[in-house]
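In: When you get a sec, could you give me coordinates for this:
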Amino acid sequence: MSHARLADAIIRLEKHRNLNLPLRSRDLFGRFLLRLLWKRQLKGQVDFNLAVRDAVDALSQSGAGAARAATGEELEQLRAADQNIVAGLNQRLYAAIGGVRTEVTDLRLRLVDRETATDEVAERLDRIERKLADLDSAALDTRLRHAQLDLFLDRARATAPEVEVGAVPDRAANLEIPVAHLLDGPEDRVRAGREAYVPVVRATGGPVLDVSPSRGEWLEVLRAAQVPASGASANPFVVKHCAELGLPVTEADPLDVLERAGKRSLGAVTAFRFAERHDPAELSRFFDLAARSLKPGGVLVLETPDPDGGPVDFHVDPFARRPVHPTFLRFLAEVAGFSRVEVRYPDGGPLDGWPTTTPDRRPATAVTAATTDAARAGRYCLLAWV
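Out: Model (predicted):
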């Protein structure tokens, strides 16, 4: 009930506190009796009305107090909620400001690091440029020395033809090891790739002859695996390099060394970057000698660039004559008497996980797209068992 309605009820009660009752003037007894009765009734009615008014007043006062109390409590709740909201907003605001400050500090540190790294890069570039200048100067000096040596030898031959001039190493021989760095990269990577062949040659139980030792990574892998092995190379620089590593490499033509090996005396013959550097007649002789020197169960391992896989390194190799198709190598192996021939493509991991092909170059088994890409890695390996 509103305050206006309570006030209106109180006013009406006050107006009817003294009632003016209509009485007839002639009926004295009636008037007396009626007046008596009405007084009693009116008195009771008046008392009742007064009680009602008091009750209404009390109710109005208590309702107003309760409303004020309720309003005060709600205001306190609203004030507390507002304080909580403001505190949460302040906390988020301070956290955001702290995050922005941290990010700005981090950016400043990165900027300082980048400036420092830029200075270091510039310094390294200066050192590299100085080294390149020194190398250019050394290369020019080497070319001049070679020219002077040519003139000296020409004069020696012209003035004293009866004097035999000692054999001078082929100038291209000193390029084999630098070219190996260029084509194969770091020695650790080469050793990791050649480890896949260890189980194959170890299963033969016999010594291994490597006809193209180059930097000696394969011989180092065999030595670590405790597989007896040796190498052969006509390049004195390769022999000297391998000797410094403690690797047994004979300075002689590899085919002559293979020919001098006893029949059925070797467990494996290996050749890396060998086939593309020899003509078909030399390759045919190589397969015949390998088949003769391998004992039963022996294996020939020959790795060479794949002509169908984009042989980029073949065009960089100054010693390569032509890429050799795997079908031709398979043909040479079968003619030489090898009983089992496989062509596999490097795919990482163990050798038995590499994809293989049939003689007509179709996949021997279903391979995934990733394996097919690995088969086009640019090189392949021919495995032949006697």
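In: which residues of the stretch 1-150 of the chain score low on pLDDT?
Out: By pLDDT under 70, the weakly predicted segments of the stretch 1-150 of the chain are 1-72, 74-75, 82, 86, 89-90, 132, 135-150.
In: all helices of the stretch 51-200 of the chain, in order?
Out: 176-184, 187-194, 198-202 (DSSP state H, counting those that start in this stretch).
In: who does the shortest one touch, helix- and strand-wise?
Out: Under the contact definition 3 or more CB pairs under 8 Å, 6 or more residues apart in numbering; DSSP states H and E, helix 198-202 sits against helix 217-224, strand 266-272, strand 294-305. All C-beta atoms are positioned from the backbone trio N, CA, C, and that covers glycine.
In: Tell me which of the helices of the stretch 51-200 of the chain lies nearest to Ser265.
Out: Taking CB to CB, helix 198-202 is the member of the helices of the stretch 51-200 of the chain nearest to Ser265, at 14.7 Å.
In: what does the helix or strand following that closest one contact?
Out: Next along the chain after helix 198-202, taking DSSP states H and E as the criterion, comes strand 208-210. Residues from elsewhere that reach strand 208-210 (CB atoms under 8 Å, 6 or more residues apart in numbering): 201, 218-219, 222, 227-232, 257-258, 261, 266-272, 293.
In: try it again with 10 Å
Out: Contact with strand 208-210 is made by 197, 201-202, 216, 218-219, 222, 227-233, 242, 247, 249-250, 254, 257-258, 261, 265-272, 274, 290, 293-294, 298-299, 301, as judged by CB atoms under 10 Å, 6 or more residues apart in numbering.
In: Could you identify the buried members of the residues you listed?
Out: 197, 201-202, 216, 218-219, 222, 227, 229-233, 242, 247, 249-250, 254, 257-258, 261, 266-272, 274, 290, 293-294, 298-299, 301 (16 or more other CB atoms under 10 Å).
In: Walk me through the domains of the chain.
Out: Following automatic domain parsing, one finds the domains of the chain at 1-122, 175-385.
In: just to revisit the earlier point, now the helices of the stretch 51-200 of the chain in CSV, with mean pLDDT and distance to Val112?
Out: Below are these laid out as CSV (pLDDT from 0 to 100; distance: least, CB to CB, whole Å):
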stretch, mean pLDDT, distance to Val112
helix 176-184, 87, 38
helix 187-194, 91, 35
helix 198-202, 94, 50
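In: between those helices, which one is nearest to Asp347?
Out: Nearest of the helices of the stretch 51-200 of the chain (CB to CB): helix 187-194, 11.0 Å.
In: Show me the shaky parts of the stretch 251-386 of the chain.
Out: In the stretch 251-386 of the chain (pLDDT under 70), the answer is 309-314, 348-349, 357-377.
In: how about a cut-off of 90?
Out: For the stretch 251-386 of the chain, the stretches flagged by pLDDT under 90 are 262, 305-323, 345-379.
In: Just the strands from it, written as ranges.
Out: For the stretch 251-386 of the chain, the strands defined by DSSP state E, counting those that start in this stretch cover 266-272, 294-305, 340-344, 356-357, 379-385.
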